[in-house]
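Trainee: what follows is a predicted protein model with its sequence.
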Amino acid sequence: MTSLSTTAPTRWRPHAAVLAVGTFAMGTDAFVIAGVLPDIAGELGIGVGAAGQLVSVFSLAYALLAPVLAALTASWPRRRVLVTALVVFAVGNVVTALAPGYLPVLASRVVAAAGAALYTANASATAAALAGEAQRGRAIAVVMLGVTSSLVLGAPLGTAIGTAWGWRSTMWFVTALALVAAPFIALRLPEIAQGPAARLRQRLAPLADRGVLRVLVTTVVAFVGIYIPYTYLSAIFEPATGGSGDRLALLILLFGIAGTVGNLVAGQLADRLGARRVVVSATLLLTLVFLAMPFLRAAFVPALLVVLVSGVFSFGVTTPQQHQIIARAPGAQSLVISLYQSALYLAISLASVLGAAGLGVADALWLPVLAAVFTFLAAALTWLDRRSRQVASDH
């Protein structure tokens, strides 16, 4: 990521808030598809598994394009990068809303992912530069609040809009969110001095570190398990929702609220108990939750409870994993976080593909069981990584 600096770390909060509107749009776009999958499948005449590939294509494009686009635009002024990213993202969603068939919709998700990949990391870096070193963490937290609030507010609201006026209205809603932020950034965001840019080869250099690579592999495994149930929430809990969009929106809302709480608690526990211990505990508890999910999906109240618990533990992995990867490369924090984001979105893409494959050969009730295999494997990999580091230190 480009190194940013500013000499006037004052009045950063209004700028960070505007940047957070953009991340809210990006997060809403990523999360809301799960809530409108049945509507997309019905209108386009495809199965729910095929509709789920919209998530897969978006996530895979994000994972591949994030480091590439960051390197290609490293010399651009940050204001131009951010506005360009929002415009590209908006264009992608406009095409999604207007596309007449499945293949054009798939292609449009690549365009939207390019905008999202370019925007999110740059928004955090820009807010940090505007705030200055003393308030950098708070500035980044404001920008990232857009992502977490998108799961709590954006995805349920987008799902409700899709239920009322069709899934294409949801895409217009996401487009509007991006376009709200663009003029404020273009007209009000101050110029920021730039340091030396990191090229693509520098961004990928931490992959040569086996410790970083192990964390990235574990990240992919863990989040494949986490996102299989979330992506196909509508199919798994169809017996409880009865196909009701309002009930599905409530499940997604509850998952988001629980996830926000889980993320905050996990951050505190990682500081007190150690990130690795939190990851192992969260993934093992998720394994138990996913194994119980097939027995609790038939009625709405048990479904609410199991979604609540899964939300807490699912987002209990995010912050500790970032703690771990930063600890492996403390001198290249922005680089390894960029790679972490790519690993995360690769996992989301794989979860969509594997979930679709699972739906093709078995009932939706088996998807949480498949997810449990991955979360248990993530717990084992994290524990074995601790053991391997201990052995290495002993020698």
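Mentor: Perfect, thanks for sending it.

Trainee: state the distance from V289 to V68.
Mentor: 36 Å (CB to CB, to the nearest Å). Any C-beta I mention is one placed from the backbone N, CA and C, and that applies to glycine too.

Trainee: looking at those two, which is more packed in?
Mentor: Higher neighbour count among V289 and V68: V289, with 24 against 15, using other CB atoms under 10 Å.

Trainee: how is this protein partitioned into domains?
Mentor: What automatic domain parsing lists as the domains of the chain is 1-198, 203-395.

Trainee: what's the one helix or strand T170 maps to in contact with?
Mentor: In this assignment (DSSP states H and E), T170 forms part of helix 167-188. With contacts defined as CB atoms under 8 Å, 6 or more residues apart in numbering, helix 167-188 is touched by 14-15, 18-19, 21-22, 24-25, 28-29, 32, 36, 39-40, 43, 79, 82-83, 86-87, 89-90, 93-94, 96-98, 115, 154, 157-159, 161-162.

Trainee: which among those end up buried?
Mentor: 15, 18-19, 21-22, 24-25, 28-29, 32, 36, 39-40, 79, 82-83, 86, 89-90, 93-94, 96-97, 115, 154, 157-159, 161-162 (16 or more other CB atoms under 10 Å).

Trainee: among the residues you listed, name the ones in helices.
Mentor: Among the buried ones among the contacts of helix 167-188, the residues falling in helices (DSSP state H) are 15, 18-19, 21-22, 24-25, 28-29, 32, 36, 39-40, 79, 82-83, 86, 89-90, 93-94, 96-97, 115, 157-159, 161-162.

Trainee: just to revisit the earlier point, mean pLDDT for the domains of the chain - can I get that in TSV?
Mentor: Shown next, in TSV, are these (pLDDT from 0 to 100):
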stretch	mean pLDDT
domain 1-198	83
domain 203-395	84
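
Trainee: give the buried residues for the helix or strand hosting V336.
Mentor: Assigned by DSSP H and E, V336 falls within helix 333-361. If you call a residue buried by 16+ other CB under 10 Å, then helix 333-361 has these buried ones: 334-356, 358-359.

Trainee: and it, what other elements does it pack with?
Mentor: helix 48-72, helix 102-131, helix 200-204, helix 210-231, helix 318-328, helix 367-394 (3 or more CB pairs under 8 Å, 6 or more residues apart in numbering; DSSP states H and E).

Trainee: can I get these in CSV with distance to F184?
Mentor: Below are those laid out as CSV (distance: least, CB to CB, whole Å):
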stretch, distance to F184
helix 48-72, 22
helix 102-131, 13
helix 200-204, 29
helix 210-231, 31
helix 318-328, 28
helix 367-394, 40
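
Trainee: ok, A107 - contacts?
Mentor: A107 makes contacts with V95, A99, as judged by CB under 8 Å, 6+ apart.

Trainee: er, A30 I mean
Mentor: Per CB under 8 Å, 6+ apart, neighbours of A30: V55, F58, S59, A116, S150, I348.

Trainee: how many residues are close by the fifth one?
Mentor: The one in question is S150. 27.
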